[in-house]
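# Below: sequence and its predicted model.
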Amino acid sequence: MKHFPYLLLAALLTLSCSRPQPQPFQVIPMPNEVELGKGTFSVKGASLVMDDEMDPQSWAAVSRFVKAVETATGKPMKEGDGGFSFTVNPELEAEEYIIKVDKRGAAVQASALNGFLYACETLKQMLPAEIYGGVKAKADWVLPYATIHDKPRFAYRGMHMDPCRHFWSIEETKRYIDVMAAYKLNRLHWHLTDDQGWRIQIKRYPRLTEVGAWRDGTVVGKNWGTTDGIRYGGYYTQDQLREVVAYAAERGITVIPEIDLPGHMVAALASYPELGCTGGPYKVWERWGVAKDILCAGNDEVFVFLENVLAEVMDVFPSEYIHIGGDECFNGDAEPDRPDPWDVCPKCARRMAQLGIRRGPQAKHYLQNYVTSRIQHFLTEHGRKVIGWDDIMEGNLEPGATIMSWQGVKGGLAAAAQGFDAIMAPNSHFYFDYYQGQERDKEPFGIGGYIPLEKVYSYEPLTGVPAGSQKHILGVQANLWTEYIATPEHLEYMLLPRMCALSEVQWCEASRKDYDRFNTSLDHTFSILDQMGYMYSLDCRGLVGLDRKPARTAAELQSYLDAQPAGW
Ligand code: ACM
Ligand code: ZN
């Protein structure tokens, strides 16, 4: 996927963003301390020293970088002084690194895998984009003299992936991980279960994938009333999941699985109807939106099921955190005239009575607190921590849960104020299924909304967080739901380059952020993405859509916008 002619055209079209002068140093996310020198170091056939103290994973990561340089330059490196050196410096934090490029060569220091990985990613972005191509290339194979001392602002730098609404192969998942790694993200939140498909093999409950992984149709376009009637689905075996976990770990990324509970569970209910309040029958959902049917909180067998499922999940995923969802249990937008099952289920009523929960609008939230708490205790006893969507704060949440703030920032701010850790993923800035351009008729489908690149970039995670609570903001994540996204090309288009803007929100100190500098650096990033073969949006260069139609003139755009309905 080469976009060169379009980039040329884009240079003439300065509709959506003005471009300042090119920068000499186009690394994204911008390192937190950079001092540029005068001169360059030639990497072609350079000599190499690697510290024997390096752990095997760091050794492998540095070796991948060395191989990339050797392949792209067409010349092997030889062992010896005066070129690259990679040294373990135990004084540095795990994600910190130092690079010094001068006439003596390029010296890298880090203490652990992530530091070495990030040093290599920075070095790669300092080289010509052809370093990402995986083939020998003619280019000016030099590194600029520079002293860089870098570490991230936030420890949690996440990106979410939804294989439930549309299913992504292991290969595409690895590509997603590759581009996350290139921009120094370190958590993949993998949303593995939902109403429209159960995607994780659970050996004890084979029907979850025999039945729950398949639906009999998918919404056609944006028309919720019509499905295509085509059987659709897929799932990952535990071996495949382990393969992804290991692949991500080699790239410094922890995979956090999400088992969304007690809502968003229709695929599980279709597999085991006895887990629902009514006993069904249920069908794996063929439409989008939020289902009314959820797990029955009054049935102890549901907890046996959840604990058995989570035991297998923990066996596959070594992450400190397990995401237990918890969103939208009572937002069911299908069957508006039907009551919420928890309001009319005798088993749920009995449970509420046992717990002393009084009838009223909050009762369901207290019952959800009970579910969250039981699962939280189970996971804590097994040495794990829970993350839940901000909905789990309704009622009385027990201490120890981490809140993922998606309904704007208010959940995260409230969580931090109450002493809960929080991850900021507000739908005001980080829902990458929203449109990124204003011209919806030229864009591939978004779910709605409008989150352009500059809006993503503008987010400041600590706004409104008092100094004493700031330690609770663990980091930032973007979510990419895939109701309307069915192809890898479209997925990447929605992801990129917004994920690059996200990476600066996650990595850079506030004083290092500068949208003009970032925007200019995107030219290099677009060349890198071309080399890696990713699709990406060029909305910020005035080229709209997957087939890269040039944008309208400003006057045409205005009349188009005037004709659009208000809101979504
Ligand atoms: C969500 O978007 N329902 C977390
Ligand atoms: Zn019930």
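Everything's here; your move. Residues are numbered from 1 along each chain as shown. Ligands and ions are numbered 1, 2, ... in the order given.

# does stretch 298-315 come close to ligand 2?
Yes - with C-beta under 5 Å from the ion as the criterion, ligand 2 is reached by stretch 298-315 at G298. Where you see a C-beta, it was placed from the backbone N, CA and C, and this is true even at glycine.

# in that stretch, what's buried?
For stretch 298-315, burial by neighbour count (16 or more other C-beta atoms under 10 Å) applies to G298, N299, V302, F305, L306, V309, L310, E312, V313, M314.

# Identify the spatial nearest neighbour of K124, chain neighbours not counted.
Closest residue to K124 apart from its sequence neighbours, by C-beta to C-beta, 6 or more residues apart in numbering: I131 at 5.2 Å.

# does the one you found really touch V66, like I thought?
No - contact status for I131 versus V66: not in contact, 11.5 Å apart, counting by C-beta atoms under 8 Å.

# if we can go back for a sec, ligand 2: which of the buried residues of stretch 298-315 is nearest?
Ligand 2 has its nearest neighbour among the buried residues of stretch 298-315 in G298, at 4.5 Å by C-beta to the ion.

# picking up where we left off before, okay, I131 and V66: which has more neighbours?
Neighbours per residue, other C-beta atoms under 10 Å: of I131 and V66, the larger number sits with I131, 23 against 19.

# Which residue would be the closest one in the stretch 1-150 of the chain to ligand 1?
P29 (25.2 Å; C-beta to the nearest ligand atom).

# Next, the contact list for that residue, please.
With contact set as C-beta atoms under 8 Å, 6 or more residues apart in numbering, P29 has these partners: Y183, K184, C500, S503, E504, Q506, W507, C508.

# one more time with 6 Å, if that's ok
Residues near P29 by C-beta atoms under 6 Å, 6 or more residues apart in numbering: S503, E504, W507, C508.

# Now, those residues that are in strands?
Among those, none falls in strands (DSSP state E).

# Could I get those in TSV, plus columns for neighbour count, distance to Y366 and pLDDT?
Listed next are those as TSV, based on neighbours: other C-beta atoms under 10 Å; distance: C-beta to C-beta, whole Å; pLDDT from 0 to 100:
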residue	neighbour count	distance to Y366	pLDDT
S503	27	39	99
E504	24	41	99
W507	28	40	99
C508	21	41	98
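
# Can you tell me which of the residues you listed comes closest to ligand 2?
Nearest to ligand 2 among those, counting by C-beta to the ion, is S503 at 43.2 Å.

# ok, the nearest residue to the closest one once chain neighbours are set aside - how many residues close by?
Using C-beta to C-beta, 6+ apart and skipping the chain neighbours, the partner closest in space to S503 is Y183 (3.9 Å). By the criterion of other C-beta under 10 Å, Y183 has 24 neighbours.

# So that it lines up with my notes, have the first residue be 40 from now on.
In the new numbering, first residue 40, that becomes Y222.

# wait, doesn't Y222 sit right on A540?
No - the pair Y222 / A540 is not scored as a contact, 9.7 Å apart, by C-beta atoms under 6 Å.

# any idea which helix or strand carries H563?
For H563, the host element (DSSP states H and E) is helix 554-571.

# Any buried residues in that helix, and which?
In helix 554-571, counting by 16+ other C-beta under 10 Å, buried: 556-571.

# which SS class is P400?
Using DSSP: H, G, I helix; E, B strand; the rest coil, the secondary structure recorded for P400 is coil.

# State the number of residues packed around it.
So P400, with other C-beta under 10 Å, has 7 neighbours.

# so what's the residue in the stretch 440-589 of the chain that ligand 2 sits nearest to closest to, chain neighbours aside?
Proximity of the stretch 440-589 of the chain to ligand 2 (C-beta to the ion) peaks at A440, 22.9 Å away. Once flanking residues are discounted, A440 sits nearest to V425: 5.1 Å by C-beta to C-beta, 6+ apart.

# what residues does the helix or strand harbouring the one you found touch?
For V425, the host element (DSSP H and E) is strand 424-428. The contact list for strand 424-428, computed with C-beta under 6 Å, 6+ apart, reads E359, Y360, H362, I363, G365, D366, Q415, L418, A440, T441, M443, W445.

# what residue ranges in this protein score low on pLDDT?
40-62, 605-607 (pLDDT under 70).

# Bridged to the spatially most central residue of it, which residues?
Most central in the chain under C-alpha atoms, centre = their mean is M198, positioned 1.1 Å from the mean C-alpha point. Beta bridges link M198 to L227, A517 when assigned by DSSP bridges.

# ok, it touching R226?
No - if you go by C-beta under 6 Å, M198 and R226 don't touch, sitting 7.4 Å apart.

# Contact distance from ligand 2 - what residues of the stretch 290-439 of the chain qualify?
So the stretch 290-439 of the chain meets ligand 2 at C316, C335, G337, C384, K386, C387 (C-beta under 5 Å from the ion).

# Check these for burial and list the buried ones.
Judged by 16+ other C-beta under 10 Å, buried ones among these: C316, C335, G337, C384, C387.

# Without its sequence neighbours, what residue ends up closest to L568?
Nearest to L568 is Y575, by C-beta to C-beta, 6+ apart, at 5.1 Å.

# For burial, what's the neighbour tally of that neighbour?
Taking other C-beta under 10 Å as the criterion, the count of residues near Y575 is 23.

# OK, contacts around it?
L535, P536, L568.

# what about the last one, distance to ligand 1?
Looking back up the chat, that one is L568. Remark: distance between L568 and ligand 1 (C-beta to the nearest ligand atom, to the nearest Å) = 27 Å.

# What distance do you get for the residue lying closest to L561 once chain neighbours are set aside to ligand 1?
Closest residue to L561 apart from its sequence neighbours, by C-beta to C-beta, 6+ apart: P536 at 5.8 Å. Distance from P536 to ligand 1, counting by C-beta to the nearest ligand atom: 22 Å.

# likewise L513?
In this structure, L513 and ligand 1 are 17 Å apart, going by C-beta to the nearest ligand atom.

# ok, that residue touching I462?
Yes - using C-beta under 6 Å, L513 makes contact with I462 at a distance of 5.4 Å.

# Return every residue with contacts to both of those two.
Joint contacts of L513 and I462 (C-beta under 6 Å, 6+ apart) are Y195.

# Who has more neighbours out of the two?
Relative neighbour count places I462 above the other of L513 and I462, with 27 against 24, counting by other C-beta under 10 Å.
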